[in-house]
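Undergrad: okay, sequence plus prediction incoming.
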Amino acid sequence: MRSRSIRLSISIILILGIAIAALGFKDINIDIPGFPRVERDGTGPLGLKLGLDLRGGGHLVYQADTGTKFDVTFADDVAFNDLLTMLQDLRFGDDDAELEGLLVGPTGVNRYLIRTDIMASDDVRRTGLNAALAEEFGLISLFQDSIIEQPTMEQMQGVLDNITGRVNRFGTEEPIIQIFGEDRIIVQLPGASGSVTDILLADPDPDAPFPEVDIATALPRILAESGYEEFDIETRSDREFKIQSNNVDAEAQRRALTSIITEIGQVAAFEVTSGIDEAKALIGQTARLEFKERTCENAACTTFTDADVGNPPLSGDDLSRAEASANHVGIGWVVNLQFNGRGSDIFSELTRRISTTEAQSTKRIAIIMDDRELLAPVSRAWIRDGRTQISGNFNREEARTLAIQIESGRLPVPLRLIQESDVDALLGSESLKNSLIAGLVGLGLVLIFVVIYYRMAGVVAAFSLVFYAVIVLAVFKMIPITLELAHIGGFILSIGMAVDANILIFERMKEEVRIGRTLASSMEVGFSRAWPAIRDSNISTMITCLVLLWFGDRLGGGLVTGVAISLLIGVAVSMFTAVVVSRNLLQLMAWVGLGGRINLFTPENLQRTSLEATQAPALRGER
């Protein structure tokens, strides 16, 4: 028995040490071969991830990308700036009508996507654009136009559901995602704020005139005029600069780059990264998911051709679900896919053809999102039932991200990002500070009460509560769970609730001591008789948490899901601390010589001789 208690004590110390280490290092990056990579870098105290109300974050506004679109491929080289200038100056008809709502973007080599406001099929601007472009830039090898109509409210709700599924798959991120107006979606994400702009100026041409300009004065002015806010410039060399600022949108970046080239000189590199980039990649824009049959032209498959599968082609509409799971037959994580009836038939025929030994060297299944390849696995078997597994030594985060992107399929309405900025904390650091003070005061009062009333048993309960708080915070950090003020309030409340199990045990112990049992015997009997009440109450709470998780997952209640997960973790850890940690510490105290000093473990003044302390207690039937 004592050897078991010693082993438990060592295990408890190890768990506590790991939890303290997890909280002690604000940034954690653990990459062990064969195991999922663990990377945590929360911005709150102890590296915890704070919500919008306490930390603020990133603010994105998406708009339904409606209008008339032209997909144009030129036979000869056409510079982007030349094309943009020509389209801005272009006029049609007697009224000199211009292209309203003009947006231009490159999509390939000499291939551009031109977007305008919605135009009728007989609009002179729509019918005359092809000829105008050919007259200015020569032969056009591809010219396609299409119209995307204004979305319905049902379609916008579908967009909202898909975006929520992407950025808050597990209900622990606590974003704010809502429809604004008729065709816009607002997304606010905790902690995803700030941008870093790396600028490298090109070496000046010695034969070309170089403008005399004071970069230290001109660069801050250019950034401010372009829309950069609260920025700080780090000069790495006379031609290399790093700017940290609030989030900057694409328009501000474009203005800054243009002004720097015009006033300072040519730019060799201009790269902007932000804390919200990962979220933007998950949300996507048009989010068109496609499955294509890839034919490789060399062994490394660096050159290939993709072909549609099925008619209409196999797409995200044919996918029922995608989820990440641990690889039960290998190392790492995998992505599981399930197609619907039509998708299963098409996928079965595809894998039948390309899973042969001869075909595996040249054939792959390309999974493409927004014309961007997610992955291209080789088919190793004929999949007849529409259920397949994609393996590739993924870590947990990689498999999770792929599953989210694939399962979300495609958005029912194409989107474009029209605004990107930071959002301030709704409550601010003062609320966080006051909450932490309230938590420490509450914890201190509970500790003082149990120590004064239950004496040495209260000391055990106090250690268990501290152990409980450290473990729960470490779990919050490692999952990670985004903590809002409601979560912190619930955690503070759970500290008081966690002591209930200890009080039940101590009261049972007191009853056994009162009838004459030894301390060790009273502990064992007290734990065994308090356990049913502790078990039933905690299991009831866990069932409530599972119900909240079920409803939150189906009704889109991110806050409900997050609080349910937090409460479930707290209940599970409190059971462990009461039944394992407290019990083990009490046993150790009984065995180190405190068993004869019974008054140290009960608030009642019991007079017990040393002989009585070692005698067997009376049977229950003799009371």
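TA: Sure, I can see it.

Undergrad: the stretch 201-350 of the chain: strands as residue ranges?
TA: Taking DSSP state E, counting those that start in this stretch, the strands of the stretch 201-350 of the chain run over residues 232-235, 240-245, 267-274, 289-296, 304-308, 319-326, 333-339.

Undergrad: mind giving me the packing neighbours of the first one?
TA: The elements that strand 232-235 packs onto, with contact taken as 3 or more CB pairs under 8 Å, 6 or more residues apart in numbering; DSSP states H and E, are helix 215-226, strand 240-245. Backbone N, C-alpha and C define where each C-beta goes, glycine included.

Undergrad: okay if I get these as JSON lines plus distance to Ala403?
TA: Shown next, in JSON lines, are the helices and strands packed on strand 232-235 (distance: least, CB to CB, whole Å):
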{"stretch": "helix 215-226", "distance to Ala403": "38"}
{"stretch": "strand 240-245", "distance to Ala403": "33"}
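
Undergrad: for Thr305, which non-adjacent residue is spatially closest?
TA: Computed as CB to CB, 6 or more residues apart in numbering, the closest residue to Thr305 that is not its neighbour in sequence is Thr295, at 5.2 Å.

Undergrad: show me what contacts the one you found?
TA: By CB atoms under 8 Å, 6 or more residues apart in numbering, Thr295 lies in contact with 304-307, 362-363.

Undergrad: need the buried ones from those residues selected in ChimeraX.
TA: Selection of buried members from the contacts of Thr295 for ChimeraX, criterion 16 or more other CB atoms under 10 Å:
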select :304,362,363
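
Undergrad: as a markdown table, the contacts of Thr295 with pLDDT and distance to Gln157 would be great.
TA: As requested, the contacts of Thr295 are arranged in a markdown table below (pLDDT from 0 to 100; distance: CB to CB, whole Å):
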| residue | pLDDT | distance to Gln157 |
| --- | --- | --- |
| Phe304 | 87 | 38 |
| Thr305 | 88 | 38 |
| Asp306 | 89 | 32 |
| Ala307 | 89 | 34 |
| Thr362 | 89 | 43 |
| Lys363 | 91 | 39 |
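
Undergrad: buried set for stretch 65-85?
TA: 65-70, 72-74, 78, 83-84.

Undergrad: where's Leu337 relative to Ile354, distance?
TA: From Leu337 across to Ile354, the span is 16 Å (CB to CB, to the nearest Å).

Undergrad: and what of Gln155?
TA: Gln155 is 35 Å from Ile354, by CB to CB.

Undergrad: so for those two, which sits in the more crowded spot?
TA: Legend: neighbour count by other CB atoms under 10 Å for Gln155 and Ile354, higher for Ile354 (21 against 16).

Undergrad: quick one, helices of the stretch 501-623 of the chain?
TA: 519-555, 558-576, 583-589, 610-614 (DSSP state H, counting those that start in this stretch).

Undergrad: hmm, back to that, just give me the closest of the buried residues of stretch 65-85 to Ala498.
TA: Closest to Ala498 out of these is Asp65 (50.9 Å), distances taken as CB to CB.

Undergrad: shouldn't the closest one be in contact with Glu149?
TA: No - under the criterion of CB atoms under 8 Å, Asp65 makes no contact with Glu149, lying 11.3 Å away.

Undergrad: residues contacting stretch 126-137, please?
TA: Here stretch 126-137 has contacts from 68, 70, 72, 74, 76, 78, 82-83, 86, 90, 92, 99, 114, 119-120, 140, 143, 145, using CB under 8 Å, 6+ apart.

Undergrad: that concludes my questions; thank you for your assistance.
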